[in-house]
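K.L.:
Fold the stuff below for me.
(chains A and B)
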Amino acid sequence: MLRFITFRLLQAIPVVFIVAAATFIMCRQIPGGPFDSEKPPPPEIKRQLESFYGLNKPLGQQTLDYLWSICPKKFMPHRLFLDANNDGRADFDLKAAFGSDFGPSFKSVRSVNETIADSFPVSFQLGAMALAIALLLGIPAGVAAALRPNSWVDYFASGISMLGVCVPTFVMGPILVLVFALNLRWFNASGWFDFKDQLLPSLTLGIAYAAYVARLTRGGMLEVLNQDFIRTARSKGASEGRVILKHALRGGLLPVISFLGPAAAGIITGSFVIETIFQVPGLGRHFVTSAFNRDYFLITGTVVFYAALVVLFNLAVDVVQVWLNPKLKFE
Amino acid sequence: MNTPAAPIPNAPFVPDTAFEEAEQGTSLWKDAWARLRKNKMAVFGAGTLVFMALFCLIGPFISPYTYDAQDLNQYAKPPSAQHWFGTDKLGRDQLTRIMYGGRISLAVGICATMVSLTIGVLWGAVAGYAGGKLDTVMMRIVDILYALPFTIFVILLMVFFGRNIILLFAAIGAVEWLTMARIVRGQVQSLRKMEFIEAAIALGLSRRRIILRHMIPNVLGPVMVYTTLTIPAVMLLEAFLSFLGLGVQPPMSSWGSMIKDGAEVMEEFWWMLILPGLFLSLTLFSLNFLGDGLRDALDPKASKD
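P.N.:
Presented below is the predicted three-dimensional model:
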């Protein structure tokens, strides 16, 4: 297994670098530059700025420079969680941990490393809560639907979960705000200060994913429950709870697991819609605003960060899948 | 001279017409159609979609209003006999704007799905049929594109090419083909090893006939199912882009842009958010039910009951 993980990690490195190079080159092709705002600076100052950031070199040279500066030069992951400035929060400093420097941001005094360190923990917390909600709602609903296919339980669970798939977060979010924050006054409509503020955004995000989890669980469980080993377990007199928890869930959750890999990477890197609606200072909005601002290093930095997470989560998914399904082997 | 052909060694086998008819008698498609019609939710979904398409296509001709005519005396009026769905902050009729927005949303859904279908099926079929090194390279490219955040990719394309509605179709289609390519590749690969394809080759059928009569019908099922499920995903992406302000430009309307405008003023004017949201959700609902129904109907493992 160790060999499998090492091999896959080695395979992942070129993928992340190709993503980095492609994004860097691609975003440089967008018309307009970071200094062409509504009040453009005089041409000589613009030239100075460009040479300061190294934007006047040939694009190939810039790309190579960039790839070298983001390249990990050491491996001290525990440093991610140090708290050097004693503000009670982990620093999440990618430079201290891996020596990767994602460069400056043109629109903010905070560097790309600092931007990620500021906003990723927020998105991570929101995403983890949303994931927990998605699994806690989705798996029981999917199992209940699969146990009584085509009964009213099934129709109810499937209908509700379809609702979660079909009502986009940018409709669900405002509706939840309208009902729970503005009419019932249970929550603040926006902001990110205490635990209560985190409930509505994570619920909005969680419901959307709970729906997918429920549908995948239902499909996976239906497939497993028809198999011989479940009949054997039942005929041996195992209780229904034991049959489901011990025997069926193991296989029935496989589709959910393979969905969760990329989905989890997406959830914890933040959602632009949720962060805009609820005013959450997370990472998701940087994906969108950086593209509008032509903030080249921030665009590439967030994309590379996301791609690395996707790759890591997919690897984790493969490991868990082998662990759940002994028929598969590491190759 | 109609004597039955004596078996000639090495001669190509020519199937006679009786064989052909027997084959059609129990076709996959007839079974699937019968199963689909029994699925109430799928029929409901199909019916809703037909209604929605007619509503958006014909509605604007009947409506006394246009999508961009402003009437500031009718500032943000709630639903009434005059304006069934109320008016927006510029006094434009919401019902008419929803109809026009539906045209955009449905057109994006269908056109972008066609783009993604074409790229995905060709890419997957070539990779699956060729195999070997070409397959490895092609699927690695798919893996790399998978690791890119979709929305960023579309946003970069939209910012790059400008906000043009045709390019919106192409940009969305260009990022939504990856899963289709994977599905088709897997299907083609496993089909090539199936006994009935070997049997067809052994029977001496021409390659064209094998592809047309045996490969395509078997790939078509999953492709059709996934297509029905891609349309709602694409419509959602269009709504999201319009929500960002990258989709259709005012005064044109789309469901996504109407939802965005509605979300800003939902406290005072709920109908501006709820009604376009309802139409978008209902359409996505129907498409998903139809897709699920098709999947169940075309599943070869399902029994013929």
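K.L.:
for the helix or strand containing A:Leu10, packing partners?
P.N.:
In this assignment (DSSP states H and E), A:Leu10 forms part of helix A:2-28. The elements that helix A:2-28 packs onto, with contact taken as 3 or more CB pairs under 8 Å, 6 or more residues apart in numbering or on different chains; DSSP states H and E, are helix A:59-70, helix A:296-324, helix B:132-147, helix B:150-161. In this view, the C-beta of every residue, glycine as well, is placed from N, C-alpha and C.
K.L.:
Tell me what angle the last one forms with helix A:296-324.
P.N.:
Computed with axes from the mean of the first three to the mean of the last three CA atoms, to 10 degrees, the direction of helix B:150-161 lies at 150 degrees from that of helix A:296-324.
K.L.:
got the contact list for helix B:150-161?
P.N.:
The contact list for helix B:150-161 (CB atoms under 8 Å, 6 or more residues apart in numbering or on different chains) reads A:23, A:26-27, A:29-31, A:272, A:287-288, A:291-292, A:299, A:302-303, B:145, B:167-168, B:171-172, B:174-175, B:237, B:240-241, B:244, B:246.
K.L.:
Who are the packing partners of the host helix or strand of A:Val288?
P.N.:
A:Val288 belongs to helix A:284-293 when assigned by DSSP H and E. Judged by 3+ CB pairs under 8 Å, 6+ apart, helix A:284-293 is in contact with helix A:112-147, helix A:272-278, helix A:296-324, helix B:150-161.
K.L.:
okay, and the helix or strand of chain A with the least pLDDT?
P.N.:
Lowest by mean pLDDT, DSSP states H and E among the helices and strands of chain A is helix A:94-98, with a mean of 75.
K.L.:
Distance from the chain centre to it, please.
P.N.:
Relative to the centre of its chain, helix A:94-98 is centred 21 Å away, using CA atoms, centre = their mean, to the nearest Å.
K.L.:
by contact count, what packs against it?
P.N.:
With contacts defined as 3+ CB pairs under 8 Å, 6+ apart, the packing partners of helix A:94-98 are helix A:112-147.
K.L.:
what about the helix it packs on, near chain B?
P.N.:
No - Helix A:112-147 is not in contact with chain B by CB under 8 Å from any CB of the partner chain; minimum separation 12.5 Å.
K.L.:
In the stretch 1-150 of chain B, which residue sits closest to chain A?
P.N.:
Closest to chain A within the stretch 1-150 of chain B is B:Ala147: 4.2 Å, counting by CB to the nearest CB.
K.L.:
mind listing what the residue nearest to that residue when sequence neighbours are not counted touches?
P.N.:
Using CB to CB, 6 or more residues apart in numbering or on different chains and skipping residues adjacent in sequence, the residue nearest B:Ala147 is A:Ala307, 4.2 Å away. Shown in contact with A:Ala307 (CB under 8 Å, 6+ apart): A:Val15, A:Val16, A:Val19, A:Ala20, B:Ala147, B:Leu148, B:Pro149.
K.L.:
near chain A, which residues of the stretch 1-150 of chain B?
P.N.:
B:Asp143, B:Ile144, B:Tyr146, B:Ala147, B:Leu148, B:Pro149.
K.L.:
ok, 10 Å please
P.N.:
The stretch 1-150 of chain B comes close to chain A at residues B:Lys40, B:Met41, B:Arg140, B:Ile141, B:Asp143, B:Ile144, B:Leu145, B:Tyr146, B:Ala147, B:Leu148, B:Pro149, B:Phe150, as judged by CB under 10 Å from any CB of the partner chain.
K.L.:
ok, so of these, who is nearest A:Ala144?
P.N.:
B:Met41 (18.1 Å; CB to CB).
K.L.:
Quick check: the closest one is in a helix.
P.N.:
Yes - the assignment for B:Met41, made by DSSP: H, G, I helix; E, B strand; the rest coil, places it in a helix.
K.L.:
tilt between the helix holding A:Leu10 and helix A:284-293?
P.N.:
Relative orientation of helix A:2-28 versus helix A:284-293 (the same axes, to 10 degrees): 40 degrees.
K.L.:
what's the angle from helix A:2-28 to helix A:59-70?
P.N.:
Angle, helix A:2-28 to helix A:59-70, by the same axes, to 10 degrees: 140 degrees.
K.L.:
Could you pull out the buried residues of helix A:2-28?
P.N.:
Buried residues in helix A:2-28, counted by 16 or more other CB atoms under 10 Å in any protein chain shown: A:8, A:12, A:15-16, A:18-24, A:26-28.
K.L.:
likewise stretch B:281-299?
P.N.:
Along stretch B:281-299, these residues count as buried under the neighbour rule (16+ other CB under 10 Å): B:281-298.
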